[in-house]
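S.K.: coordinates for the following, if possible.
(chains A and B)
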2 protein chains.
Amino acid sequence: MFDLIYHFPEQLEESLALTNQALKERKDFLDKINDIEKIVVVGMGGSGIAGDIVFSLTYSFLKSPILVIKDYYLPFFCNKKTLYFVISYSGETEETIFNYQQLKRNKLPLIVITAGGKLKVLAEKNQDLLFILPQNYPPRQALAYLTIPILLTLSRLAIIPNCQQEIEKTILYLKRMRKRLNERAKRITKLIENKIPYIIVDSYSYLPIAYRWKNQFNENTKILAFYSYLPEQNHNEINALPFLELLKDTLFVFLLKNPFSHKRNLIRINFLSKLLKENKVTHKIIPPISKNNFFNVFSLILFGDFISYHWALKRNIDPLKIELIENLKKFLAKF
Amino acid sequence: MFDLIYHFPEQLEESLALTNQALKERKDFLDKINDIEKIVVVGMGGSGIAGDIVFSLTYSFLKSPILVIKDYYLPFFCNKKTLYFVISYSGETEETIFNYQQLKRNKLPLIVITAGGKLKVLAEKNQDLLFILPQNYPPRQALAYLTIPILLTLSRLAIIPNCQQEIEKTILYLKRMRKRLNERAKRITKLIENKIPYIIVDSYSYLPIAYRWKNQFNENTKILAFYSYLPEQNHNEINALPFLELLKDTLFVFLLKNPFSHKRNLIRINFLSKLLKENKVTHKIIPPISKNNFFNVFSLILFGDFISYHWALKRNIDPLKIELIENLKKFLAKF
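M.R.: Prediction:
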């Protein structure tokens, strides 16, 4: 598991090459795409989150809204004039295959991202734009493979400026930073033993990062986590903080700063930090790692992954194993 | 506070009349609207959630995507061809006024929903379509006033089928049901003393209802709450459930069923219920209250409001008072 996290930059690198190759071979598909009003990503858990992360990366320049749907039934507005990404790392996710079939019934052109399974077979048969990923990764640790095809496709279609160079620079940056991030994660892990994490980011655009941290804590560390974002948190959740009785001694609050957040959100972080101190709740402000948004988003993901990993070890838990999801699949197969 | 919750049906009723009057007076505004690709709702906390609730109500027939943005900076894709609802009950929410000014700089036609304040002054000056709400409500208990203008405007623009009759029927239904919902809420409150709520809904379309319950628990009951939705919960959060050490005895899980959820989500609810039982976590399945989606969504909101109210009383907490937000506003005013 450690290696999978540590080699995230190499995964970005390999994904750039694979994605560019696939895009080159299917220029015909992209040439036919026009009149896009919105982007819809369908995909569950560790697969679907790729769409959320693209939202964090492109908030300030994405020309069409991106909607990430994680359920069997899609909303009614999933019609034409939409660019669809259908993502399942395993290719066997039943919700995503159901989505795929629903969309195909309406003869919509689809972009499929998968490492195999039934979804790959369907996409090949229907000549969709298909990105085939390397196999044998836990989906949540294949995030680079899942994200880069979306970013480069949007670049090609001019829905975002070309971000190839930005990704190349990010790879170099992460290779330089990963050791330091790992060490920092190890140090933090010492503070949070026996705690319940509560992740607060300071902008709506970074909500997917809070959600990623939560999910990695759920899957790797096997612990529940609260998560929310400023300024919205200040309008509801904040009211519970002076009345934490049950959670007072067990909560650990991460306050993650975004380098581009509105300056009023910085004041809100300070207020929150003061409030937590007054109520004797342990917390830590995580300053921006870089002022470059691509660097910062991917660094925070890597950082959260490292924390979830070391924390699992401290809890004597195997971060890789997700026995329960296997049991659930067996249970579902009976019906 | 109890009366504010109990008279939700009367608020729907009054809002229908007010909204229809305003729409009649500003037919000119609606006639000029065309070529809508998406709906963007901006608004914080108890105001912005009106947009989320519209999503739950219209998931299966809304023709354009609805995006609810809760931050100072709006995403880049907030451009033309968009129907904007700018919502702040008080009319003084600084994020929302900032949003309003940002959008006005681009000369976009706006629909404003407010009870007064600076936002009302701006909207009157700029001849926006303005819905003026009755004053002196806590925003979170003005939800009917905030939601109906969105629904009826979308009806007029044929983005959804006309739902006037559906709302009228909902009012009658809720008047019949509210006593029973209140009694049921009181009974549940006896089970959850000293617990941490964890709300799980069984479809993505109902996520806003889980979010509403969470927020009402935060603001009225002054307690933190976990919330998530199926099937997504089964791909990450579920992994933490067998390892709850710290939370095992304190968690209370609400499993809320949607009458229209995919049948596989019902199997997932059963699996979850079994798993919670095995791990000795107290939980309660809430079956659909009605098979009519409008009835069910509004009943669940009312039900959650009642629970949050009675639970606050059990905790010797004033559900109405939100001292902390007042302190925060004073703190923000200094900068």
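S.K.: nearest to chain B: which residue in the stretch 101-250 of chain A?
M.R.: Residue nearest to chain B within the stretch 101-250 of chain A: A:H235 (2.7 Å; CB to the nearest CB). All C-beta atoms are positioned from the backbone trio N, CA, C, and that covers glycine.
S.K.: what pLDDT does that residue get?
M.R.: Looking at A:H235, its pLDDT stands at 96.
S.K.: surely it and B:I322 touch.
M.R.: No. Counting by CB atoms under 8 Å, A:H235 stays clear of B:I322, with 9.5 Å between them.
S.K.: quick one: residues contacting A:H262.
M.R.: A:203, B:71-73, B:98 (CB atoms under 8 Å, 6 or more residues apart in numbering or on different chains).
S.K.: and with 6 Å instead?
M.R.: Taking CB atoms under 6 Å, 6 or more residues apart in numbering or on different chains, we find A:H262 in contact with B:72-73.
S.K.: again with A:K175
M.R.: The contact partners of A:K175, taken as CB under 6 Å, 6+ apart, are A:P9.
S.K.: state the distance from it to A:Q165.
M.R.: 16 Å (CB to CB, to the nearest Å).
S.K.: re earlier: okay, A:H235 and B:I322: which has more neighbours?
M.R.: For A:H235 and B:I322, the more surrounded residue by other CB atoms under 10 Å in any protein chain shown is A:H235, and the numbers stand at 27 against 21.
S.K.: nearest residue to the more buried one other than its sequence neighbours?
M.R.: Nearest non-adjacent residue to A:H235, counting by CB to CB, 6 or more residues apart in numbering or on different chains: B:G45, 2.7 Å away.
S.K.: tell me how far that neighbour lies from B:L110.
M.R.: In this view, B:G45 and B:L110 are 20 Å apart by CB to CB.
S.K.: which stretches of chain A form strands?
M.R.: Here chain A has its strands, by DSSP state E, at A:38-42, A:66-69, A:82-88, A:110-114, A:129-132, A:196-201, A:226-229, A:251-256, A:282-286.
S.K.: dump those strands to TSV, plus distance to B:Y84.
M.R.: As requested, the strands of chain A are exported to TSV (distance: least, CB to CB, whole Å):
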stretch	distance to B:Y84
strand A:38-42	16
strand A:66-69	17
strand A:82-88	21
strand A:110-114	30
strand A:129-132	33
strand A:196-201	25
strand A:226-229	21
strand A:251-256	29
strand A:282-286	34
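S.K.: which one of the ones you listed lies closest to B:S88?
M.R.: Ranking the strands of chain A by proximity to B:S88 (CB to CB) places strand A:226-229 first, at 18.5 Å.
S.K.: can you spell out which helices and strands pack onto the closest one?
M.R.: strand A:196-201, helix A:207-216 (3 or more CB pairs under 6 Å, 6 or more residues apart in numbering or on different chains; DSSP states H and E).
S.K.: mind putting these in TSV, mean neighbour count included?
M.R.: Shown next, in TSV, are the helices and strands packed on strand A:226-229 (neighbours: other CB atoms under 10 Å in any protein chain shown):
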stretch	mean neighbour count
strand A:196-201	24
helix A:207-216	24
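S.K.: in a markdown table: these, plus distance to chain B.
M.R.: As requested, these are exported to a markdown table (distance: least, CB to the nearest CB, whole Å):
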| stretch | distance to chain B |
| --- | --- |
| strand A:196-201 | 6 |
| helix A:207-216 | 4 |
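S.K.: closest to B:Y198 out of the ones you listed?
M.R.: Within these, the stretch nearest B:Y198 is strand A:196-201; the backing value is 12.1 Å (CB to CB).
S.K.: what helices or strands is that closest one leaning on?
M.R.: In terms of contacts (3+ CB pairs under 6 Å, 6+ apart), strand A:196-201 is packed against helix A:207-216, strand A:226-229, strand A:251-256.
S.K.: hmm, who's touching the lowest-mean-pLDDT helix or strand in chain A?
M.R.: Within chain A, no helix or strand scores below helix A:323-333, which has a mean of 87 by mean pLDDT, DSSP states H and E. Residues outside helix A:323-333 that contact it (CB under 6 Å, 6+ apart) are B:234, B:238-239, B:271.
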